[in-house]
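**Student:** this one's structure only:
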């Protein structure tokens, strides 16, 4: 941390502090006096301001930039909050004089005011109302809330960086600009813009003019929702400034170019690079390609948080990227539910008819199947015919066999999935991001499948224990149905997107009103006769038929994850709950009826949501 040579004007700092309820109640003359006598400091991206467990005792006010609040929970670094201009950090240590309860790290170059404990006592501590307000702010921050209305996850500062030997960045920007403008006014800033604009008053960009340029950029950040910096492929003073100011760095490349790192990329994407901004790579492909099919050399030497693929000049693809980088993406999470999950197909049909674009999709069990189908973007008629033919045939999807690993062989399920996704198509080559959730029996944890062949990821996610054999992954881990631990992975979606955008969660209700049995189990019957009868009795169960093993296992698993799904629905931005209550989890032959229930429910709910999704 170093003291700023150039102090921001008092009136500008005053405006920023007025975002905070604590400062609004302080006498204006007293606050102005305080501002004039406080030191201004700057911390660089990835620099730690406060360390959890250490004693500091000062109060820090953020004037510009962003900081991350994190805590060690069970030896894992966990993000608690993200704070911006007008917010305060160090409240707990200031009031109590004890160790800091969280670590504060700069996400980008951040300017601060420092209020020492002595200054606080002299000017503020004699006001009981002020003490109450500052304690309240500290509590809200600990709960992951802000007090100024600032939303750090909006990511307003984005640096575009040519990767490889990409030389068409200006054309990419021309395509991107109108798509970003749908969500707010953006200013695109390159070196020439700095020199030509009277705002900056400089004729060159060097170490002597950086502070002056930074001050003007901080003013622009207050006026515009999105600042887009265009860096060069060399590690010039300008490129270094672009990196310092970025909330996210997006490297852009033509997939057919040389994938070697540029000088600037080496400073950002290497293992030892201290860049806290979200680091992403966008590969541009031939517009006629059905899928991306990119070379691994692009990601081998680049430590990135996310990879995007777009087709050159494709407006939908560019629109999706604009939504991602401005924090306006729309994601879809689909739950498991057996045959009742066929309703998801109706949801996909409703989304298409209402022209609602989904940018990222995920699912569990049968939800993983339909998430994959949406990501692959096959024609609806083809998907409908393929799935219906397989699921409504006279052959059981379970392929009953000698139950050594499971009751079924899983071959029919695998054939369905290969028909839908082909043998070799991998998740990494899809235009839209996709992940499926499975349960890893080897570790007892959730396995997030976002790489490898799609059909295998869906197969793992839908491997109902005891019914289908587990899937063994490349590391030898045994994977079964994801619904055991997470039937509606909204939390995983939110974490992977770092809070960006909105999430629609679709939950299939597990209840069945007739799941009861009032007869007596006749133990005098042949065991083989009873087993055969129960396994093959896939008609709707009633009080006169004891549910078969498939129904019992499926319902037990769904009930076990239901309470977790309730919590996931609360975390979603929007939710659609579908209850095909007249059908059960084996009613695959009721294909059309269940799909129509999903379609009608989704159309009703999505029409209500359209004004919020715009």
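**Tutor:** Happy to help now that I have it. Everything numeric in this text was worked out from a predicted model, so none of it was measured.
**Student:** hey, where'd the helices end up in the stretch 1-150 of the chain?
**Tutor:** 10-17, 21-24, 28-37, 91-96, 117-123, 128-142 (DSSP state H, counting those that start in this stretch).
**Student:** Could you dump these into CSV with mean neighbour count, mean pLDDT and distance to residue 443 added?
**Tutor:** Placement of C-beta: from N, CA and C, glycine included. CSV is the format used below for those (neighbours: other CB atoms under 10 Å; pLDDT from 0 to 100; distance: least, CB to CB, whole Å):
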stretch, mean neighbour count, mean pLDDT, distance to residue 443
helix 10-17, 17, 78, 47
helix 21-24, 18, 73, 46
helix 28-37, 14, 78, 53
helix 91-96, 19, 74, 36
helix 117-123, 14, 73, 47
helix 128-142, 16, 65, 31
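**Student:** Mind checking these for the one nearest to residue 231?
**Tutor:** Taking CB to CB, helix 10-17 is the member of the helices of the stretch 1-150 of the chain nearest to residue 231, at 26.4 Å.
**Student:** Determine the set of other helices and strands touching the closest one.
**Tutor:** Secondary-structure packing of helix 10-17 (3 or more CB pairs under 8 Å, 6 or more residues apart in numbering; DSSP states H and E): helix 28-37, strand 59-64, helix 210-223.
**Student:** If we use 6 Å, what do you get?
**Tutor:** helix 28-37 (3 or more CB pairs under 6 Å, 6 or more residues apart in numbering; DSSP states H and E).
**Student:** picking up where we left off before, quick one: the helices of the stretch 1-150 of the chain as TSV, columns for distance to residue 62 too.
**Tutor:** What follows is the helices of the stretch 1-150 of the chain, written out as TSV (distance: least, CB to CB, whole Å):
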stretch	distance to residue 62
helix 10-17	8
helix 21-24	12
helix 28-37	14
helix 91-96	13
helix 117-123	17
helix 128-142	12
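**Student:** How many residues are close by residue 19?
**Tutor:** When neighbours are counted by other CB atoms under 10 Å, residue 19 registers 17.
**Student:** Excluding sequence neighbours, find me the nearest residue to it.
**Tutor:** Spatially, and ignoring its direct neighbours in sequence, residue 19 is nearest to residue 86 (3.4 Å; CB to CB, 6 or more residues apart in numbering).
**Student:** Touching, that neighbour and residue 23? I think so.
**Tutor:** No - counting by CB atoms under 6 Å, residue 86 does not reach residue 23; the two are 7.9 Å apart.
**Student:** thinking again about what came up before, the helices of the stretch 1-150 of the chain: which one's closest to residue 44?
**Tutor:** Minimum separation from residue 44 across the helices of the stretch 1-150 of the chain (CB to CB) falls at helix 10-17, 20.0 Å.
**Student:** That closest one vs helix 210-223, what angle?
**Tutor:** 40 degrees (axes from the mean of the first three to the mean of the last three CA atoms, to 10 degrees).
**Student:** The nearest residue to residue 435 once chain neighbours are set aside: neighbouring residues, count only.
**Tutor:** Excluding the flanking residues, the one nearest residue 435 by CB to CB, 6+ apart is residue 450, at 4.0 Å. Neighbour count for residue 450, taken as other CB under 10 Å: 14.
**Student:** Could you do residue 214 as well?
**Tutor:** Around residue 214 there are 18 residues (other CB under 10 Å).
**Student:** Likewise for the one 3 residues further on?
**Tutor:** Residue 217 is surrounded by 21 other residues when neighbours are defined as other CB under 10 Å.
**Student:** Same question for residue 385.
**Tutor:** Residues near residue 385, counting by other CB under 10 Å: 11.
**Student:** What's the separation between it and residue 419?
**Tutor:** Look at residue 385 and residue 419: by CB to CB, to the nearest Å, they are 10 Å apart.
**Student:** now residue 55
**Tutor:** Taking CB to CB, one finds residue 55 at 63 Å from residue 419.
**Student:** And for residue 594?
**Tutor:** From residue 594 to residue 419 the distance is 20 Å (CB to CB).
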